[in-house]
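Novice: Let me see the structure of the following:
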Amino acid sequence: MGDSATTVLVTGAGGRTGELVYKKLKERGGQFVSRGFVRTEESKQKIGGGDDVFVGDVRQPETLTPVFQGVDALVIVTSAVPKMKPGFDPSKGGRPEFYFEDGCYPEQVDWIGQKNQIDAAKAVGAKQIVLVGSMGGTNPNHPLNSLGNGKILIWKRKAEQYLADSGIPYTIIRAGGLVDKEGGLRQLLVGKDDELLATETKSVPRADVAEVSVQALLIEEAKNKAFDLASKPEEAGSPTTDFKALFSQVSTKF
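Specialist: Purely as a prediction, here's the structure:
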């Protein structure tokens, strides 16, 4: 079996979606040898602390080198995380203010950090990269870009373009609003150019995003495609089980 299993590295494995991807790969031990990459020892312990979880910093390429040895495929689930400024009182109405910690802005994490990962994957001859991103990137004035003045979707999109131009087979999944609901219970929807954002069905369970990320490693029809991903409510439609058919609906490369 050893030779036939694909070694897959999941970065951002300490995040809520990344952890689900890492665990789904582990459950399919016959098909995949999984590795996780996290930023802190605390995150490593949180996801089980196994020898296959590495601690490093995507902003520092030298910390990536040892982790990428022998990697066949990469799933990028890293993202800058805005912090809420202290002192917000929801009872007074209004909106909280957000900030990014120094050095942890989207430009450093979502652009440079993802570029470093793509370069590292290319250097070891990885055969596929799955990138989990966000819907909303077609609109420079999207409210998410003003969070902490980080322009997060603009930097994410720049990394997506870099991946699409890298020459490595890729799958770019631009997820809608992430919800912490059980996976496998909804009909999944794919779209392009943020068209789904104008509909009522613009959210998707993290577990389903994780499942689509894993399926993208297994199904040829997912390669060299970029798409938006959302879902119908649980009571509407029938749960998606045919991922080949889902990926076949996508014709967009970016």
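
Novice: Pull up the gap between whatever residue is furthest in space from the centre of the chain and residue 199, please.
Specialist: In the chain, residue 92 marks the outermost C-alpha relative to the chain mean, sitting 34.6 Å out by C-alpha atoms, centre = their mean. Separation of residue 92 from residue 199 (C-beta to C-beta, to the nearest Å) stands at 33 Å. Glycine gets a C-beta too; all of them are placed from N, C-alpha and C.

Novice: now swap in residue 228 and tell me
Specialist: For residue 228 relative to residue 199 (C-beta to C-beta), the value is 11 Å.

Novice: Please say which of those two ends up with more neighbours.
Specialist: Comparing residue 228 with residue 199 by other C-beta atoms under 10 Å, the one with more neighbours is residue 228, at 28 against 12.

Novice: Wasn't the more buried one part of a strand?
Specialist: Yes: assessed by DSSP: H, G, I helix; E, B strand; the rest coil, residue 228 belongs to a strand.

Novice: begin at 543 from here
Specialist: Let's use 543 as the start, then, which means that last one is residue 770.

Novice: which residue sits closest to it, ignoring its sequence neighbours?
Specialist: Spatial nearest neighbour of residue 770, chain neighbours left out: residue 733 (4.2 Å); criterion: C-beta to C-beta, 6 or more residues apart in numbering.

Novice: Might you report the residue contacts of that neighbour?
Specialist: Applying C-beta atoms under 8 Å, 6 or more residues apart in numbering to residue 733 gives the contacts 769, 770, 771, 772.

Novice: Scan the residues you listed and report the most crowded one.
Specialist: Neighbour counts for the contacts of residue 733, by other C-beta under 10 Å, peak at residue 770, which reaches 28 neighbours.

Novice: Residue 600 and residue 656 touch, don't they?
Specialist: Yes: the pair residue 600 and residue 656 passes the contact test of C-beta atoms under 8 Å, sitting 7.2 Å apart.

Novice: got any residues that touch both of these two?
Specialist: Residues touching both residue 600 and residue 656 (C-beta under 8 Å, 6+ apart) are residue 620.

Novice: if you count what's nearby, which of these two comes out ahead?
Specialist: Using other C-beta under 10 Å, the more surrounded residue of residue 600 and residue 656 is residue 656, with 26 against 23.

Novice: can you tell me how far the more buried one sits from residue 788?
Specialist: Applying C-beta to C-beta to residue 656 and residue 788 gives a distance of 24 Å.

Novice: List the buried residues of stretch 606-622.
Specialist: Going by neighbour count (16 or more other C-beta atoms under 10 Å), the buried part of stretch 606-622 is 606, 609-610, 613-622.
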